[in-house]
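A.B. asks: please find the sequence and the predicted model below.
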Amino acid sequence: MPTINKSYNINNEEKSFKKFTNKTTNEHSTGSSNNDILNEVIKHQVALKSFARIIENYEDLIELDTKQYNLDSLFAMDIGGSLCKIIFYDCNIENFDNNEIKELFNSLKNNIFSTEDYGFSGIRDRYKSIKTKNGCIHFILFETQRVKNAVELIFQNDIIKNIKQISCTGGGSYKFEEYFREHYDIEIKKYDEFKSLLTGLNALLKYSPNESYHYKIDNTIISDKPIPDVYDADKKSIFPYLLVNVGSGVSVLHVKDENTFERVSGSGIGGATFFGLVRALTNINSFDEALQASREGDSSNVNMLVGDIYGGEYQSFNLPAEMVASFFGKFAKNGTMDKASDADICNALLVMITNNVGQVAYLNAMRYNLTKIYFSGNFLRSNVIAMKALAKAIHFWSHGEIQAHFLKHEGYFGALGTFFLNNLSK
Ligand SMILES: Nc1ncnc2c1ncn2[C@@H]1O[C@H](COP(=O)(O)OP(=O)(O)OP(=O)(O)O)[C@@H](O)[C@H]1O
Ligand SMILES: CC(C)(CO)[C@@H](O)C(=O)NCCC(=O)O
């Protein structure tokens, strides 16, 4: 059975945040109180949770042939460079005519729903689940480095024996193909990662009333809470857009309409760069702790600011004193590293990577004359600092012409799209 050793819902985020900040607040001092920072994260989560969850007309979108129901069709996976995402469709099993499969399905459900945490890194994102007319789509994620244990925890032995094929996307669908065949006699049915990503994203933008959101910006003041996007009735206004997927690396897609897209750019400075550098430069070993630390840190102990160079603002060109002139620039001088805490370093890394993603996004939106950028990928998972920084930067650079949009199902579109592609009958 899965072991319970880690939780990630709002209450647990609060608990682990408090535990973490108790540990670190004595090490350094910051201007903002822990409660302010915690409240911001909680408010964001609560606002997203309150967005409507029901996909209308879901059965129009996806028609599962009930005669063909088997355990294989209820799962889809996206195995990426850092994280493995799993979709599980908890459907109405009345139509199953095979009693053995019914029993296995029930034991699978008991296994999956007995906990929200599986092994060392697995979690079920309860508040992201989507109700449909005939069931509910569930979202689970694991670290890719634990994918082999993850499969055994989720499917368990008697279930694995009854699975012949799993639909799968992401680089891991190639990398682990041989492993699945040799160990479990399971065939991997591959789907292209960008085709899956866009199938999942476009489906939710179209059918889920509040999938995407933005932050309102007045001058330099950004709204506290995320604001759901509003589309016209036929949802045509979704297109065209730029999609910037921030996973381990960054992929930039120009999406012209539902069936036409091009990968126009990318960057090797992405989510795994952030987490990899956090591990190289600090004692922090989990992504969630790194995010919590960065909410606490003061990056002026790490970065060289315009004020450090000019002694104040650079007036002629409107560069304020507190603007970063050079990320990690302070460390170029002797005796500076000891003054920076792990939290300061996490904050500097987070903002540095986010800024770079923002620039790549902005320049590509300009290049293709697009006014809307959607950001997806798990780097943005609960990452309010990065989302707000992206929203502000895009607004500032484009003088308000281009808007950044964020997505409730962040890094799950590839797995969801694979599930749809595998089960779509029209
Ligand atoms: N619990 C976590 N553990 C590790 N990284 C996490 C976690 N939560 C969020 N992340 C961030 O999400 C990133 C991975 O995002 P995502 O799952 O979208 O990409 P991926 O599919 O693994 O990568 P790629 O598409 O490039 O192969 C990590 O690099 C890290 O920045
Ligand atoms: C290799 C992929 C596509 C795997 O998802 C992704 O990590 C990525 O787009 N990386 C950036 C590659 C580039 O520099 O364009």
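C.D. replies: Now that the structure is in, tell me what you want to look at. Ligands and ions are numbered 1, 2, ... in the order given.
A.B. asks: what does the stretch 51-200 of the chain put close to ligand 2?
C.D. replies: With CB under 6 Å from any ligand atom as the criterion, the stretch 51-200 of the chain meets ligand 2 at residues 80-81, 171, 193. (C-beta placed from N, C-alpha, C; glycine too.)
A.B. asks: mind picking the one among these that's closest to Asp90?
C.D. replies: Among those, Gly80 lies closest to Asp90 (CB to CB), at 23.8 Å.
A.B. asks: could you measure from that closest one over to Val252?
C.D. replies: Using CB to CB, to the nearest Å, we find Gly80 at a distance of 16 Å from Val252.
A.B. asks: for the closest residue to ligand 1 within the stretch 1-150 of the chain, which non-adjacent residue is closest in space?
C.D. replies: Closest to ligand 1 within the stretch 1-150 of the chain is Gly80: 1.7 Å, counting by CB to the nearest ligand atom. What sits nearest to Gly80 in space, not counting adjacent residues and going by CB to CB, 6 or more residues apart in numbering, is Gly170, at 4.6 Å.
A.B. asks: also Ser398?
C.D. replies: Per CB to CB, 6+ apart, closest to Ser398 is Tyr362, 6.5 Å.
A.B. asks: I'd say the one you found and Lys392 touch.
C.D. replies: No - contact criterion CB atoms under 8 Å: Tyr362 and Lys392 do not qualify, at 11.7 Å.
A.B. asks: the more surrounded of the two?
C.D. replies: Higher neighbour count among Tyr362 and Lys392: Tyr362, with 21 against 17, using other CB atoms under 10 Å.
A.B. asks: picking up where we left off before, give me the neighbour count for the residue nearest to Gly80.
C.D. replies: Around Gly170 there are 27 residues (other CB under 10 Å).
A.B. asks: one more: Glu313?
C.D. replies: Residues near Glu313, counting by other CB under 10 Å: 15.
A.B. asks: list phi and psi for it.
C.D. replies: phi -80, psi 160 (degrees, to the nearest 10).
A.B. asks: leaving out chain neighbours, which residue sits closest to it?
C.D. replies: Nearest non-adjacent residue to Glu313 (CB to CB, 6+ apart): Ala321, at 4.7 Å.
A.B. asks: contacting residues around that neighbour?
C.D. replies: 305-307, 310, 312-313 (CB atoms under 8 Å, 6 or more residues apart in numbering).
A.B. asks: any idea how far it is from Glu94?
C.D. replies: 67 Å.
A.B. asks: do Thr220 as well
C.D. replies: 56 Å.
A.B. asks: can you check Met337 too?
C.D. replies: 64 Å.
A.B. asks: kindly report the same for Phe419.
C.D. replies: With CB to CB as the criterion, Phe419 and Glu94 are 21 Å apart.
A.B. asks: who has more neighbours out of the two?
C.D. replies: Just comparing Phe419 and Glu94: by other CB under 10 Å the higher neighbour count belongs to Phe419, 30 against 8.
A.B. asks: could I get the contacting residues of the spatially most central residue of the chain?
C.D. replies: Closest to where the C-alpha atoms of the chain average out (CA atoms, centre = their mean) is Asn378, at 2.3 Å. Contacts for Asn378 (CB under 8 Å, 6+ apart) come out as 82-83, 141, 246-247, 271, 410-411.
A.B. asks: residue ranges with poor pLDDT in the stretch 1-150 of the chain?
C.D. replies: 1-43, 45-69, 95 (pLDDT under 70).
A.B. asks: who's Glu187 bridged to?
C.D. replies: Note on Glu187: beta-bridge partners Gln165, judged by DSSP bridges.
A.B. asks: how many other residues sit next to it?
C.D. replies: Glu187: 15 neighbours (other CB under 10 Å).
A.B. asks: same thing with Ser223?
C.D. replies: For Ser223, using other CB under 10 Å, the count is 13.
A.B. asks: which residues sit in contact with it?
C.D. replies: Ser223 neighbours (CB under 8 Å, 6+ apart): 215-217.
A.B. asks: show me those residues that map onto strands.
C.D. replies: Those of the contacts of Ser223 mapping onto strands are Ile217, per DSSP state E.
A.B. asks: which helix runs longest in this protein?
C.D. replies: helix 342-367 (DSSP state H).
A.B. asks: can you list the residues of the stretch 201-350 of the chain near ligand 1?
C.D. replies: 247-249, 271-272, 274-275, 287.
A.B. asks: ok, 5 Å please
C.D. replies: 247-249, 271-272, 275, 287 (CB under 5 Å from any ligand atom).
A.B. asks: out of these, who has the most neighbours?
C.D. replies: Gly271 (28 neighbours).
A.B. asks: what residues does that residue make contact with?
C.D. replies: By CB under 8 Å, 6+ apart, the neighbours of Gly271 are 82, 246-249, 353, 377-379.
A.B. asks: same check on Lys256?
C.D. replies: 239-240, 262.
A.B. asks: out of those residues, which is nearest to ligand 1?
C.D. replies: With CB to the nearest ligand atom as the yardstick, the closest approach to ligand 1 among the contacts of Lys256 comes from Glu262, at 17.6 Å.
A.B. asks: what number of residues lie near the closest one?
C.D. replies: 12.
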